[in-house]
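S.K.: Predicted model, plus sequence, below.
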Amino acid sequence: MADIAKALEHSELLRDVRIDPQRVRAKRLRTGQMVVDRAGDVSCVGLVLRGVIDVYSVAFDGCEIRLSSLYEGEMFGICNLFAPNDLTTVLRSRKGSDVLFIPKEYLIELMNNDGDLMSRYLVLCNSKIQFLLRRIEELTMQTSRMKLLSYLRDRATCDGLVMFEGTREEMARYLGISRATLFREIAHLKREGSVVSRGNDLYVRT
C-alpha cells in the first residue's frame, strides 16, 4: 500500500493534519474500477495515495466527458462535505490506484478543532469552483476549434509547450469532441500557424 504520510504531505488540504489511522481506511483499486465516495455505509472523502483517478460528467445520452484527473495528494468528494446530496460525477481509476477513505464526519470534526484547516478547505472549494467555471466555458464554446485552442493555451508553459500527460484520445474526451475532430482541428491550427508540433509535443504560438 502506498505511503499515507507522503500523500498527506502533498495534500493541499491535509498537510500538517494528524490523521487517526483507526478512523480511516485505505483501499487498492484496479485499473478501470469505478470509485464511490463511501466506505461501506459511511460517506467519505477520498485522498489519492497512488495512481490516477479520472473524474467524468455523464450527459443524458450517456456520453462521458472527462472533467479532471486527480493525482497523489488530491481529493474527491470534498465539495459536498456539508451537503446531503451526492455529486453527479463518475470516478474511475485510470491506473491501479490506492485511495484513503476519510469519513466526512471525522473530517468535519477535524475542521471544527482547526481553524487553519477550515480556511484551507474554503480556499480549496473556491479553487474547484473556478476550475469548473473554466471547464463550463470550454465545453460551451461554439466551435471545436475554439475549445481546442483555449485548452492548449491554458495548459501552455511560458515557452508554449502544452502540458498534457494523456493521449490524444483522452484529450478529445476531455473536450467533448470526437478523436477525428480533434486531429482535424489540430491540423488546421498547424496550417494557420497557431500550433507547432515537435515530435509528440505541441507548442502554442502567442
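M.R.: Received the coordinates, thanks.

S.K.: When you work out contacts or count neighbours from here on, use the C-alpha atoms and nothing else.
M.R.: Fine.

S.K.: Partner strands of the helix or strand of the chain with the lowest mean pLDDT, with direction?
M.R.: The helix or strand of the chain with the lowest confidence, counting by mean pLDDT, DSSP states H and E, is strand 38-39 at a mean of 77. Strand 38-39 has the following strand partners under DSSP bridges: strand 42-50 (antiparallel).

S.K.: Which SSE is immediately downstream of the longest helix seen in the chain?
M.R.: The longest helix of the chain (DSSP state H) is helix 115-139. For helix 115-139, the succeeding helix or strand toward the C-terminus, using DSSP states H and E, is helix 144-154.

S.K.: helices and strands around that next one, which ones?
M.R.: Helix 144-154 sits against helix 115-139, helix 179-192, with contacts defined as 3 or more C-alpha pairs under 8 Å, 6 or more residues apart in numbering; DSSP states H and E.

S.K.: starting at the chain centroid, how far to the least confident helix or strand of the chain?
M.R.: 19 Å (C-alpha atoms, centre = their mean, to the nearest Å).

S.K.: Number the residues from 35 up from this point.
M.R.: In the new numbering, first residue 35, that becomes strand 72-73.

S.K.: got a list of contacts for it?
M.R.: R59, C78, V79, F135, P137 (C-alpha atoms under 8 Å, 6 or more residues apart in numbering).

S.K.: rerun that using 7 Å as the cut-off
M.R.: C78, F135 (C-alpha atoms under 7 Å, 6 or more residues apart in numbering).

S.K.: now swap in stretch 225-240 and tell me
M.R.: Taking C-alpha under 7 Å, 6+ apart as the rule, stretch 225-240 contacts L186, R187, A190, G194, L195, V196, L223, K224.

S.K.: what comes up buried for that stretch?
M.R.: For stretch 225-240, the neighbour count (16 or more other C-alpha atoms under 10 Å) marks V229, V230, L236, Y237, V238 as buried.

S.K.: mean confidence for that stretch?
M.R.: The average of the pLDDT scores along stretch 225-240 is 85.

S.K.: Now do the contacts for R128.
M.R.: By C-alpha under 7 Å, 6+ apart, the neighbours of R128 are T65, G66, V86, I87, D88.

S.K.: Next: L47.
M.R.: Contacts of L47 by C-alpha under 7 Å, 6+ apart are L151, R154, Y155.

S.K.: Can you get me the start-to-end distance on stretch 114-125?
M.R.: Taking C-alpha to C-alpha, to the nearest Å, the first and last residues of stretch 114-125 lie 15 Å apart.

S.K.: Kindly report the same for stretch 180-200.
M.R.: 20 Å.

S.K.: Kind regards, and thank you for your time.
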